[in-house]
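**Q** coords please:
(one chain, ligands or ions: 1)
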Amino acid sequence: MDQVNDLNADGIYEVAAIVGSLRRASFNRGLLRAAIEVQPDGMRITEAPIGELPLFNEDVEGEGDPVPVQELKARILASDAVLLITPEYNQSISGVLKNAIDWASRSYGAGQVLAGKPVAILGASATPYGTSRAQLELRRILPYLSMYLLPKPEIYVGPASQHFDEQSNLTDEQIRQRLREQLAKLLDWTKLVASGAA
Ligand SMILES: Cc1cc2nc3c(=O)[nH]c(=O)nc-3n(C[C@H](O)[C@H](O)[C@H](O)COP(=O)(O)O)c2cc1C
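**A** Numbers count the residues shown, from 1 in each chain. This next block holds a predicted model:
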């Protein structure tokens, strides 16, 4: 609970969004753009980049967190909630997302910054299963890290090519509405966790 910030001076709850794909035309980054468009009043979603993180290595960690790790941890620490937008690789989350989670989960440097944070998950993938297997992995991992996982609404987008245009912008109004509802629930969830009632 102590890692959930009080309302910021401007009354806005900050959400650090992590996109588990580094691809330029990523559908999942398209989901992030849609999330920013439909975020509720009182919430500000910004991306916490993970593309410059080195591969996790305890020897490197032992010499002190590299700058991109420090920056990621600081972003999460300064946020009231986390939004994880995951692709699906081989029925699991991508290596780059797992790498980011592994770095952020460690108690060195700024500490285990994920603990106590509210978190919502969603994702887009090429198959009709729409990241359901990847999200199941997150549903297993995140509570282990003492995160408060928003149970629902669940958002599985697939086959992605049917729901985005050529610029990887979301074109599906039903999904956009579901995203609006999920983010409104995340805001309520974040306030609940901050109140200590969760
Ligand atoms: C290594 C690899 C494994 C993949 N495995 C799956 C999979 O298990 N299920 C699935 O739905 N799509 C799978 N895909 C396809 C991805 O869903 C697709 O590339 C998607 O566009 C990735 O998300 P992005 O657009 O945000 O980069 C895989 C892609 C890669 C590169």
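
**Q** drop to CA atoms for contacts and neighbour counts, all remaining ones
**A** OK.

**Q** where does this protein dip in pLDDT?
**A** 1-9 (pLDDT under 70).

**Q** need the residue closest to the centroid of it.
**A** Closest to where the C-alpha atoms of the chain average out (C-alpha atoms, centre = their mean) is Leu84, at 1.8 Å.

**Q** now that one, which residues is it bridged with?
**A** Ile18, Ile121 (DSSP bridges).

**Q** can you pull out the residues in contact with stretch 69-81?
**A** Outside stretch 69-81, the residues that touch it by C-alpha atoms under 8 Å, 6 or more residues apart in numbering are 3-5, 13-16, 48-50, 53, 82, 103-104, 109-110, 113-114, 117-119, 190.

**Q** looking at those residues, which are in helices?
**A** Among the contacts of stretch 69-81, the members falling in helices (DSSP state H) are Trp103, Ala104, Thr190.

**Q** give me the nearest residue to the first one, chain neighbours excluded.
**A** Spelled out, that is Trp103. Leaving out its chain neighbours, the residue that sits closest to Trp103 by C-alpha to C-alpha, 6 or more residues apart in numbering is Phe56, at 6.4 Å.

**Q** contact partners for that neighbour?
**A** Phe56 neighbours (C-alpha under 8 Å, 6+ apart): Asn99, Asp102, Trp103.

**Q** buried ones among these?
**A** Neighbour counting by 16 or more other C-alpha atoms under 10 Å classes Asn99, Trp103 among the contacts of Phe56 as buried.

**Q** now, among the contacts of Phe56, which is nearest to Pro151?
**A** When the contacts of Phe56 are ranked by distance to Pro151 (C-alpha to C-alpha), Asp102 comes first, at 22.2 Å.

**Q** wait, what's in contact with the closest residue to Ser161 other than its chain neighbours?
**A** In this structure, Ser161 finds its nearest non-sequential neighbour in Ala126, 6.9 Å apart by C-alpha to C-alpha, 6+ apart. Residues near Ala126 by C-alpha under 8 Å, 6+ apart: Gly158, Pro159, Ala160, Ser161.

**Q** ranking the residues you listed by neighbours, who comes first?
**A** Within those, most neighbours by other C-alpha atoms under 10 Å means Ala160, with 23 neighbours.

**Q** residue contacts, that one?
**A** Applying C-alpha under 8 Å, 6+ apart, the residues contacting Ala160 are Phe27, Ala124, Ser125, Ala126, Thr127, Gly130.

**Q** filter those to the buried ones?
**A** For these, a burial check counting by 16+ other C-alpha under 10 Å picks out Phe27, Ala124, Ser125, Ala126, Gly130.

**Q** what about those residues, which are in helices?
**A** Among these, DSSP H puts Phe27 in helices.

**Q** make a markdown table from the ones in helices among the contacts of stretch 69-81 and add distance to Asn90 to it.
**A** Shown next, in a markdown table, are the ones in helices among the contacts of stretch 69-81 (distance: C-alpha to C-alpha, whole Å):
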| residue | distance to Asn90 |
| --- | --- |
| Trp103 | 22 |
| Ala104 | 23 |
| Thr190 | 31 |
